[in-house]
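Q: Fold the following for me, if possible:
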Amino acid sequence: QVQLVESGGGLVQAGGSLRLSCAASGRTFSAYGMGWFRQVPGKERELVASIRWSGGSTYYADSVQGRFTISRAKSGHTVYLQMNSLKPDDTAVYYCAASRVGSNGYDVWGRGTQVTVSS
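A: The predicted structure is shown next:
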């Protein structure tokens, strides 16, 4: 069984920075890529950023473009989300997810980490 564990969330003032980490454990797997999603109560979960394992191409939602950076460790399935110039609208639970080879989309999810940005 594969598990994803997020860390690095917390409370920060507007304009500040946080770095989220997501580490995979359990059975080894091959992934097309990994991504960071976020969700606030009453709204759908949205994709914030993603990275493809082959080639390393990245995607960012318009709302975080230029402020957030997704990266991966050189080995293993570990991804990071560097979040700069945080805004109160970035407040959400952030989830890490993996799209494994052979799956149809993101099929492994972490439990999430809370990010709260105060004004």
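Q: how close does the most centrally placed residue in the chain get to Arg45?
A: The structure's the chain has its C-alpha centroid closest to Trp36; by Cα atoms, centre = their mean the separation is 2.3 Å. Remark: distance between Trp36 and Arg45 (Cβ to Cβ, to the nearest Å) = 11 Å. (Glycine included, C-beta is placed from N, CA and C.)
Q: quick one: contacts for the residue nearest to the centre of the chain?
A: 20, 22, 47-50, 70, 79, 81, 94-97 (Cβ atoms under 8 Å, 6 or more residues apart in numbering).
Q: isn't there a strand covering it?
A: Yes - the assignment for Trp36 is a strand, going by DSSP: H, G, I helix; E, B strand; the rest coil.
Q: with the contacts of Trp36 in mind, which one is nearest to Ser63?
A: Nearest to Ser63 among the contacts of Trp36, counting by Cβ to Cβ, is Val48 at 8.0 Å.
Q: mind listing what the helix or strand hosting Ser25 pairs with, with the direction of each?
A: Per DSSP states H and E: Ser25 is located in strand 18-26. Sheet pairing here is set by DSSP bridges, and for strand 18-26 it gives strand 2-7 (antiparallel), strand 78-83 (antiparallel).
Q: ok now it, how far from the chain's centre?
A: Relative to the mean C-alpha coordinate of its chain, strand 18-26 is positioned 8 Å out (Cα atoms, centre = their mean, to the nearest Å).
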